[in-house]
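> Sequence and predicted structure below; questions after.
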Amino acid sequence: MDFYIGLLQVIGVHTLLGLSAWCILHTGQVSLAQGGFFAIGAYVAGMLTAMAGWPLGLALLTAALTASLIAIAIGFPALRVKGLMLVVATTAFAEIVRLVFFNLKWQVQTSNGLIGPDGGLGFGGIRYFPANAWNGLEILALIWSLVATVMMALWLLDRSRIGTLWRAVGEDEIAAQSAGINLTAAKVSAFGIGGAIAGLAGGIFSHNTTHIEHGNFTILLATFAITYPIIGGLKSLLGTLVAVVFIQGFLIEGLRFLGDWRSLLFGAMILAILLIRPTGLISAPLSLQRLKPTKYELEKGQTSGARHA
Amino acid sequence: MSFLRKNILTLIPVMAALLPLPSHSETREVKIYAFGAKSGVVRIFGLNSEAAMKAAAEQINKAGGVTLGDGSKGKLVLEYLDDRCTAEEGINALRRIASSADGFVAVGPTCSNVAEPVFGILQKKVGDASDTGLQFPVYTDVAAKGGLASMSQWAFRNVPSEANMYKSLFDWIKTNHPEIKTIWGGVEKDFAHSNATFNVMKDFATKAGFEVKGQSEWLLADTTFSNQVREMRRGEADLVMISAHPFTTCGALKEMQRQGVKPKMLVGLTSSSSVETLQGCAAQAEGIIIPTSFAPVTDDARKAAQAMQAVGASMDLHNAAAWENIFTLKDLIEKAKIMAKPETIKEDRLKMRDALASMKESYGLLGKVGRTEDREAVKPFLFVQAKKGEWTVAYKPN
Amino acid sequence: MAWIDFLDLVQSIMDGVMFGATYSLIGIGFTLIFGVMHKINLSYAAASVGAAYLSLLIVSVAPTPIVYLIAALCGGVLGAVIYWVCFKFLPLNQSLATLMSTVGMLLVLEESIVHATAGMPQNYPAAFADVVFNVGPFVLRGDLLFVFLLGCAVMVALKYMLEKTKLGLATRAVAQQPIAAQICGMSVDKTNASTFIIAGFLGGTAGAMTGAAIGVLSPLITLPLTVKGLVVTVIGGLGSIPGAILAGLIVGGAESLFQFVRGVSERDIYVMLMLFVFLVFRPNGLFSVPGGRD
């Protein structure tokens, strides 16, 4: 039972990470910076509970807020670039964050000895959960109530005017701007909200693993973050959840019986999913037409605009 | 399409894969779980550990198996889980083992950056009801960063003490090579193990009376070392000590050859005393001395190394520890009268932990391994030197 | 600053610039694919390293230049495979899907390398490894000079191909106006495939040269090489081959300079900040390529 509870905890954290990427992808921007906000949330929350003795709720809130503020700060220069350049810029940001934490050395003396980030050696001793007698089910409830709250908030946002603005910017920036939509506000708000959610996810992550180090927050994590919404389907919040369950539950844990083949199949399965359902698991109905080589034919009603990366 | 129909393709395998497989046994199976990295750059550690443990278990089973608490015989069965050297999967793997109906001990992990989080989720003190950490004994074979077992009373390790080994090495060099006075260091900064060990090396080199003139730093995936080796060249030290894994060790050694840096002696990191280094740069590594806790110098060690060769693997200090762990666990299972039945499994875990804690010494291929108060090992060691593409014994301290 | 420190600084920058030639080669491939298809192929560096690994199969029987040639050929084959698996069947306007599919390919390639070699570093034959040129107080590595000259030769060859051959004409046409090109009778599919194959040759060469420059091959280098390749592509200007070459040298030199001044732990922070500066002041890169219709 413990194992399933632990697995569901991991799925919850990754769902939050995926949702944070969903926000930004929704406005048409591909950002690999989620790993950076995740790291910021992880370190800030960990430092607050382990070094300063703060209660968990306050620490998580502060972590989310810090990540959000940094995200908004990144959002402004991000406007200057689009497409591949944004991908590279956000990758650079995530790497800078990781390297800052790699260099961060700040330890304080507590009742449990010297605690704090120790540069390349990592930051251990974040034992808020076991030390305060939280059992698995309580942690699970916390994580999933946060996931549910965030999903509800995003769903309401999507149905509101802000969601419409985001979708408009995501579909066609020039048309949106012509219609009078403030591109800056839309994109920066998406970054900010996405950053907050990623910071929250990071805060929980550091408490789950009790020890974090710069190597946890590489580009690979950021790639996972955008994989979830892309594979799940950008039109649906539930799609992200399904994608996380698929990847973490099935590909990583469920396929253990395959032994050595599991890692090899991982990438291959992601490829396969994209070939079969390029718009995501929960989106357009399955169409076998996709499997035929693309012909440059204009289908009825389709305009010839090719969307650039 | 309804949610279920759309996703049935996903849901069926998820359900199937997560269901525990039914166990079947005519003979009593005693399950030993292990976990470590079998994917990624460090895959060789997991592969070697698994091969060593399986071979050791096979030897024990051939000799009659292990005697359980009620007098019956059981045969050891090993199951190895891949944690891909990531914290989350390591924790998941241990939780999966802890949820099983037949697991009462786990050997692993191989990566030190997985060991820290995994030990972190264990209950700190046995019997502390206010601590909801996991209660499951873990006996590590490879993860080598110093002092980890002190994190929890459920964590035990069978890894060599790098403090002891390097102290002995530098003292030996001081005594036998009086021409060596100055040292220059090279360190892989972003790998916890190399970083921590370098501090140990520096500490004991200084204490032994050498002058550490400076150090060159690089990152574990670095590809060019010209800056660092140039600093080294200016340092003109007699001895160069490199605390890095085979990839960058080879890169640095090749650059040293290119720039004509030829120190009188070379000292390396324990983990680099393996086939990997020789495969990457045997010519440049000629003469490097590394302290290690395994070489085929005793009968037991030779037999173990042969058993490894028979299955197409090689034995080094890491999987030698895994091999030793299996034999140690066999002794402990018999001493603690483990029953290995689903209904006794919780007591078996506590019995195993207590047995591990009360060990004063344990089985080792080079001789008896001592145990410390904080659940670490005091392993016999020796110094090996790379000569003509092979590791030979340079000195065996007693 | 003492004279010897100044000499070290200049030597350091020179070494970095020379090593940057390997980044240039990878950057050319990235930028070529982006310039023609407006898509990122994130698995490019992994395929390049994979091609170098494949060339190791014959290393014990063949002389070094043949090994490099085989690496290039394997790169071409891998390029075709990547095009066929990741791009051909995905509709062109699904840029996110192709991004993800190349990520999947990257993971498959990397794990395959790890499984085949158990993750252990492999010795790679170096060309001109012992050749050093002494220019005054400075030392120039012969093998890196060779890589640099190879990169220049490649640029000239590519320029010739793009401007003087029919394939080059088709490539440029498809890049600018795919519909019009098809109307003129060019096969978009075949052109894109050949772009991938050519980029693959380049990649295989780049992988071989990188392996030769380091001396060992390891799966550790795929991810950093991918990031560097992207940085070089962006700084050089998306789609510009001379831009990629120059940017590779700049990144190599800057890396070495930052390391000399601030040490290895902070080096990459400054490289990334340099990238930000470029993006803020010159978002189109060093040499911006005139855009197509959009």
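Cool, the structure landed.
> what helix or strand does the residue in chain C positioned nearest to chain A sit in?
Nearest residue of chain C to chain A: C:Leu107, at 3.0 Å (Cβ to the nearest Cβ). Heads up, the C-betas are built off the backbone N, CA and C, glycines and all. Element membership for C:Leu107, per DSSP states H and E: helix C:95-117.
> Show residues contacting the next helix-or-strand element following that helix.
Per DSSP H and E, helix C:95-117 leads on to strand C:122-123 as the next helix or strand towards the C-terminus. With Cβ atoms under 8 Å, 6 or more residues apart in numbering or on different chains as the test, strand C:122-123 has contacts from B:279-281, C:53, C:56, C:215-218.
> and residue 120, what does it touch?
In the absence of a named chain, this looks at chain A. By Cβ under 8 Å, 6+ apart, the neighbours of A:Gly120 are A:102, A:213-214, B:189-192, B:195, C:265.
> my bad, the chain I had in mind was chain C
Shown in contact with C:Met120 (Cβ under 8 Å, 6+ apart): B:44, B:246, B:275-276, B:279-280, C:218.
> Point out where chain A drops to low pLDDT.
Applying pLDDT under 70 to chain A flags the ranges A:79, A:283-309.
> can you give me the strands in it?
For chain A, the strands defined by DSSP state E cover A:108-110, A:113-115, A:123-124, A:211-212.
> Figure out which of these is closest to chain C.
Ranking the strands of chain A by proximity to chain C (Cβ to the nearest Cβ) places strand A:123-124 first, at 16.2 Å.
> hang on, the earlier thing: what's the closest non-adjacent residue to the residue of chain C closest to chain A?
Closest residue to C:Leu107 apart from its sequence neighbours, by Cβ to Cβ, 6 or more residues apart in numbering or on different chains: A:Gly267 at 3.0 Å.
> for chain C, what are the nearby residues on the stretch 201-350 of chain B?
B:217-224, B:226-228, B:230, B:234, B:246-247, B:250-251, B:254, B:258-259, B:275-276, B:279-281 (Cβ under 8 Å from any Cβ of the partner chain).
> can you give me the helices in the chain?
Since no chain was named, I'll use chain A. Counting by DSSP state H, one finds helices in chain A at the ranges A:2-26, A:34-50, A:56-78, A:83-103, A:128-131, A:136-159, A:161-171, A:173-178, A:183-209, A:219-232, A:237-244, A:261-276.
> Let me rephrase: I mean chain C.
Under DSSP H, chain C gives helices at C:3-37, C:44-55, C:64-82, C:95-117, C:142-164, C:166-176, C:178-183, C:188-214, C:222-236, C:241-262, C:264-281.
> The contacts of C:Met120 into CSV, with extra columns for secondary structure?
As requested, the contacts of C:Met120 are arranged in CSV below (DSSP: H, G, I helix; E, B strand; the rest coil):
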residue, secondary structure
B:Ile44, helix
B:Pro246, helix
B:Val275, helix
B:Glu276, helix
B:Gln279, helix
B:Gly280, helix
C:Ser218, coil
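> Compare those residues and tell me which has the most neighbours.
Neighbour counts for these peak at C:Ser218, which has 30 neighbours (criterion: other Cβ atoms under 10 Å in any protein chain shown).
> Can you read off the pLDDT for that one?
Looking at C:Ser218, its pLDDT reads 89.
> and the gap between A:Leu146 and chain B?
Distance, A:Leu146 to chain B, by Cβ to the nearest Cβ, to the nearest Å: 18 Å.
> Could you find the closest non-adjacent residue to A:Ile40?
A:Ala67 (4.7 Å).
> The one you found: what's it in contact with?
By Cβ under 8 Å, 6+ apart, the contact list for A:Ala67 reads A:37-38, A:40-41, A:44, A:195-196, A:198-200, A:202.
> let's go with 10 Å and repeat that
A:20, A:34, A:36-42, A:44-45, A:97, A:192, A:194-203 (Cβ atoms under 10 Å, 6 or more residues apart in numbering or on different chains).
> before we move on, back to that, just name the closest of the contacts of A:Gly120 to B:Met352, please.
B:Ala192 (28.1 Å; Cβ to Cβ).
> ok, so what distance separates that closest one from B:Ala321?
Distance, B:Ala192 to B:Ala321, using Cβ to Cβ, to the nearest Å: 19 Å.
> now C:Ile82
42 Å.
> do the same with A:Gly113
From A:Gly113 to B:Ala321 the distance is 27 Å (Cβ to Cβ).
> Looking at these two, which has the bigger crowd around it?
Under the criterion of other Cβ under 10 Å, the comparison of A:Gly113 against B:Ala321 puts B:Ala321 first, with 29 against 9.
> Phi first, then psi, for the more buried one.
The phi/psi pair for B:Ala321 (degrees, to the nearest 10) reads phi -60, psi -40.
> do B:Gly364 as well
Backbone torsions of B:Gly364, given as degrees, to the nearest 10, read phi -140, psi 150.
> What about the nearest residue to C:Gly200 once chain neighbours are set aside, how many residues nearby?
Leaving out its chain neighbours, the residue that sits closest to C:Gly200 by Cβ to Cβ, 6+ apart is C:Gly79, at 2.2 Å. Counted with other Cβ under 10 Å, the neighbours of C:Gly79 add up to 29.
> Repeat that for B:Ala394.
Counted by other Cβ under 10 Å, the residues lying close to B:Ala394 total 18.
> ok, and the closest non-adjacent residue to it?
In space, B:Ala394 is closest to B:Gln385, 4.0 Å off (Cβ to Cβ, 6+ apart).
> what about the one you found, which helix or strand?
strand B:382-387.
> Quick check, the residue in chain A closest to chain C?
For chain A, Cβ to the nearest Cβ, closest residue to chain C: A:Gly267, 3.0 Å.
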